[in-house]
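[1] Take this sequence and fold it.
(one chain, ligands or ions: 1)
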Amino acid sequence: MGLFVTFEGPEGCGKSTQIRLLKSYLQGEGWDVLDTREPGSTPIGERVRAILLDPTCAEMVPTTEFLLFSAARAQHVAQVIRPHLARGGVVLCDRYADSSLAYQGYGHQLDLEMVRQITRFATGGLVPDLTFYLDVPVEVGLRRKSGGSGDAWNRIEQKGIAYHERVRSGYLTMAAADPGRWVVVDATQSVERVQELIRAAVRARWNGPTGEKGGTR
Ligand code: TYD
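    Reported below is the predicted structural model:
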């Protein structure tokens, strides 16, 4: 089995930049690296994504939202993630099941145990080896996201500050409960510094292209 690394964090925390930098570093070291994202990354998942992020779907209830994310995830795990891990590769995933725990579970206050149970069913129990939480204060993240690219905010990002605060504290609670898997990085630091911390944590988990996976999994 390869190495499964996921990236979590609020809007505007810089996940995609960090994934791009880590991917090129790992490829330079000889790894077979796949970067992917949720929701989406399969033909079925992209269709589900379009529904989830459509501003005209405002009547969607949180339970529907969660089940759609889970449906896209089931397809992603089976069609993309597991096959790459089975080939011994590294998978870098921009959001995964912890996003559902944070946004639908903690954010929308769905029953957390039910969310965990359905997530286990959707993923067949596939849990990341390593999860980075790129932490930025909610207001900073929302400002970064709405500035910069000038992208229209999607349906999920239009929720209020209190919702995003619940999401953030949910992430921090999950990270504190499982420090063997989670690495919390202060993403208000420079891009270079954040990347250094990420690389060090990945290296600590894996000794090199011909070596065995490190860590205590
Ligand atoms: P995206 O445009 O990919 O945002 P980002 O760049 O912040 O990752 O949109 C994904 C949105 O969907 C984001 O607001 C987080 C949300 N989301 C959930 O609410 N639950 C989930 O399970 C996942 C995967 C994403």
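
[2] going forward, measure contacts and count neighbours with C-alpha atoms only.
    Noted.

[3] Tell me the helices and strands packed up against the longest helix along the chain.
    Ranked by number of residues, the top helix in the chain under DSSP state H is helix 161-177. For helix 161-177, the contact count by 3 or more Cα pairs under 8 Å, 6 or more residues apart in numbering; DSSP states H and E identifies helix 138-146, strand 182-186 as packing neighbours.

[4] where does this protein have its least confident helix or strand?
    Scoring the helices and strands of the chain by mean pLDDT, DSSP states H and E places helix 138-146 at the bottom, with a mean of 76.

[5] Against which helices or strands is it packed?
    Partner elements for helix 138-146 (3+ Cα pairs under 8 Å, 6+ apart): helix 161-177.

[6] show me the contacts for the closest residue to Arg166 other than its chain neighbours.
    Excluding its sequence neighbours, the residue lying closest to Arg166 (Cα to Cα, 6 or more residues apart in numbering) is Gly107, at 5.2 Å. Contact partners of Gly107, counting by Cα atoms under 8 Å, 6 or more residues apart in numbering, are Tyr163, His164, Arg166, Val167, Gly170.

[7] pLDDT at Gly107, what is it?
    In this model, Gly107 is scored at 96, pLDDT.

[8] Please shift the residue numbers so they start at 15 in all later answers.
    Renumbered: residue one is now 15, and that last one reads Gly121.

[9] surely Phe80 meets Ala116?
    No: if you go by Cα atoms under 8 Å, Phe80 and Ala116 don't touch, sitting 10.9 Å apart.

[10] neighbour count winner among the two?
    It is Ala116, of Phe80 and Ala116, that has more neighbours when counted by other Cα atoms under 10 Å, with 26 against 21.

[11] Phi, psi for the more buried one please.
    Main-chain torsions, Ala116, degrees, to the nearest 10: phi -70, psi -50.

[12] So it is in contact with Gly184, correct?
    Yes: applying Cα under 8 Å, one finds Ala116 in contact with Gly184, separated by 5.4 Å.

[13] List the buried residues in the helix or strand where His98 lies.
    Using DSSP states H and E, His98 maps to helix 96-100. For helix 96-100, a neighbour-count test (16 or more other Cα atoms under 10 Å) marks Arg96, His98, Leu99 as buried.

[14] Repeat that for stretch 133-140.
    In stretch 133-140, counting by 16+ other Cα under 10 Å, buried: Thr133, Arg134, Ala136, Thr137.
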